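In: what's the 3D shape of this:
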Amino acid sequence: MNFMRLRNLCIVLLFLLPVAVSAQTADEILAKIIAARGGRDKLRAVRSERISGTISFGDVSGPFVVELKRPLKMHMQLTVQNQTMVRVYDGQSGWANNPLPEN
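Out: Numbers count the residues shown, from 1 in each chain. Model prediction:
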């Protein structure tokens, strides 16, 4: 009977071991992400970024483009149902053109 208890305990510990080993803190995960992208210096050296794709609002979808430039500059364009929304921020002030109906 003791052998069976010991065996069951060993099996349970073997299943729990990967969970204990793989537990990571948020700081460790962020450090790995930063390292995979070349380190902090490389990330800080990036001056601009362009993100594009398709956005969906229920049954309605359309293309979007967001362009970011340091320091704090942004241009966003989104087209849905042949209507184009634009938002711009130059680091100090911004404007928007939103022809889409609000609900």
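In: Show me where this structure has its strands.
Out: Ranges of strands in the chain, per DSSP state E, are 48-57, 60-69, 73-80, 83-90, 94-97.
In: helices or strands next to the shortest one in the packing?
Out: With contacts taken as 3 or more C-beta pairs under 8 Å, 6 or more residues apart in numbering; DSSP states H and E, strand 94-97 sits against strand 83-90. Glycine gets a C-beta too; all of them are placed from N, C-alpha and C.
In: just the first one next, same as before
Out: Judged by 3+ C-beta pairs under 8 Å, 6+ apart, strand 48-57 is in contact with strand 60-69, strand 73-80.
In: and of these, who's closest to I11?
Out: Each of the helices and strands packed on strand 48-57 has some distance to I11 by C-beta to C-beta; the shortest is strand 60-69, at 49.7 Å.
In: Show me which parts of that closest one are buried, residue by residue.
Out: If you call a residue buried by 16 or more other C-beta atoms under 10 Å, then strand 60-69 has these buried ones: 62, 64, 68.
In: Identify the bridge partners of A96.
Out: Going by DSSP bridges, A96 is paired in beta bridges with R87.
In: should've said K73
Out: Under the criterion used (DSSP bridges), K73 bridges to K69, D90.
In: swap in the one 5 residues further on?
Out: L78 has these beta-bridge partners by DSSP bridges: F64, M85.
In: how much space between it and F57?
Out: According to C-beta to C-beta, to the nearest Å, L78 and F57 sit 10 Å apart.
In: same check, this time on A26
Out: Applying C-beta to C-beta to A26 and F57 gives a distance of 32 Å.
In: Between the two, which is the more surrounded one?
Out: Each of A26 and F57 has its neighbours counted (other C-beta atoms under 10 Å); F57 has more, 10 against 7.
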